[in-house]
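J.: Provided below are the primary sequence and the corresponding predicted coordinates.
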Amino acid sequence: MFERLALPLMCAPMSFASSVPLAVACCDAGVIGGWQGGIFTLSDEFGRYLDALGGSHRAPPIVNLPARIATEAAGEAKLALLERHRAPLVLSSLGDPSRLVERVHGWGGRVVQDVTTLRHAEKAVEAGVDGLMLTCAGAGGHTGFITPMAFVPAVRRIWDGLLIVAGGIADAPGIAGALALGGDIACMGTRFIATPESGVVEGHRAMIPGVGIDRIVTSAAMNGMAANWIRDSLEAAGLDVATLPDHRTEMPEGVKPWRDLFSAGQSVGLIDQVEPVAALVARMAAEFAELCPDSRWRQRLAAIESDWG
């Protein structure tokens, strides 16, 4: 599954930013391609994505299907599609992944649970997941609040399996740092929004290289869960950032989070241009190879796959 990766990197599944062209481009370039298969994706679109990723690609895709949605009728239909396509990797979140683990293991796939606290990680391990994705402070979209400097080593004390690190990573030094802390794969979201292949509206894509880290605002007002947003997009929609409540509130008429209010992580300050996926991955792979010239990360991923059987 991992032997042809260009570097230890995953493109995060993202609401609205995920698209078939982005996922395919990532997988072809040698990066695990994320797809947001949860609330915002209809079953027919979900099926088209799986069809597009059904051929031979350099890296595998990973599909996000929140555990709570997997128990609903729409989630059951998506699970059936995942089973039919023998999806290799499923990213779970928001709930107990036990049932999802049982179903995915049934066709030989693997489940990675997205966690933001040590207790979440412990519960996921108890549920039998195959990997953990640590969403740390600085992540775009729904964010965590623990620095990776503390979170990754703490989880490594209880978990010896696949560990993906997300939050504030946008370049080769960030990938190297995630591995130095004990991670196996780094995850980037905001960096891949600033590609022609992402599914965001042009205003969102163009805004990423033009704003700095100090323009990122954390708020739960949009849907009740803390997430990171670009201040400029909130103000353009008529929101007063200084008076946003710490709970879900009504948005202005016609304004939809993620579509009209633009999300980004703290890594936005490291992104200078919109860049095609193939060029971006090739550049970062060359930079990463200079920082980490040995192949220990490949050996580690090979050992994980061997343990999976």
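T.: Done, it's in.

J.: Can you mark which positions in the longest helix along the chain are buried?
T.: Longest helix in the chain, counting residues (DSSP state H): helix 277-291. For helix 277-291, the neighbour count (16 or more other CB atoms under 10 Å) marks V277, L280, V281, M284, A285, E287, F288 as buried. From N, CA and C alone the C-beta is placed, and that goes for glycine too.

J.: residues in contact with that helix?
T.: 6-7, 9, 22, 25-26, 28-31, 171-173, 175-176, 191-192, 195, 197, 275 (CB atoms under 8 Å, 6 or more residues apart in numbering).

J.: How about stretch 87-97?
T.: Under CB under 8 Å, 6+ apart, the answer for stretch 87-97 is 1, 13, 32, 34, 50, 60-71, 82, 100-101, 104, 107, 109-114, 123-124, 127, 129, 133.

J.: So what's the gap between that stretch and the chain middle?
T.: Stretch 87-97 sits 12 Å away from the centroid of its parent chain (CA atoms, centre = their mean, to the nearest Å).

J.: L81 - how many residues pack around it?
T.: 18 (other CB atoms under 10 Å).

J.: Give me the nearest residue to it, chain neighbours excluded.
T.: G47 (5.3 Å; CB to CB, 6 or more residues apart in numbering).

J.: what packs against the lowest-mean-pLDDT helix or strand in the chain?
T.: Lowest on mean pLDDT, DSSP states H and E among the helices and strands of the chain sits helix 67-70, with a mean of 73. For helix 67-70, the packing partners by 3 or more CB pairs under 8 Å, 6 or more residues apart in numbering; DSSP states H and E come out as helix 73-84, helix 98-106.

J.: Could you export these as a markdown table, including mean pLDDT and distance to E250?
T.: Listed next are the helices and strands packed on helix 67-70 as a markdown table, based on pLDDT from 0 to 100; distance: least, CB to CB, whole Å:
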| stretch | mean pLDDT | distance to E250 |
| --- | --- | --- |
| helix 73-84 | 84 | 25 |
| helix 98-106 | 93 | 33 |
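
J.: Among the contacts of stretch 87-97, the buried ones, what's the PyMOL command?
T.: To isolate the buried ones among those in PyMOL, judged by 16+ other CB under 10 Å, type:
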select buried, resi 13+32+34+50+60+61+62+63+64+65+66+67+68+69+70+82+100+101+104+109+110+111+112+113+114+123+124+127+129+133
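
J.: Next, please give the residue ranges for the strands of this protein.
T.: 9-11, 32-36, 61-64, 89-92, 110-115, 131-135, 141-142, 162-166, 185-188, 216-219, 227-230 (DSSP state E).

J.: Pull out the CA atoms of the second one and give them to me as PDB.
T.: It stands for strand 32-36. The C-alpha trace of strand 32-36 is given here as PDB (Å, rounded to 0.1, in the frame of the first residue of the first chain):
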ATOM      1  CA  ILE A  32      -2.300   9.400   0.000                       C
ATOM      2  CA  GLY A  33      -5.400  11.200  -1.500                       C
ATOM      3  CA  GLY A  34      -8.100  12.100   1.000                       C
ATOM      4  CA  TRP A  35     -11.800  12.300   0.100                       C
ATOM      5  CA  GLN A  36     -14.500  13.800   2.300                       C
END
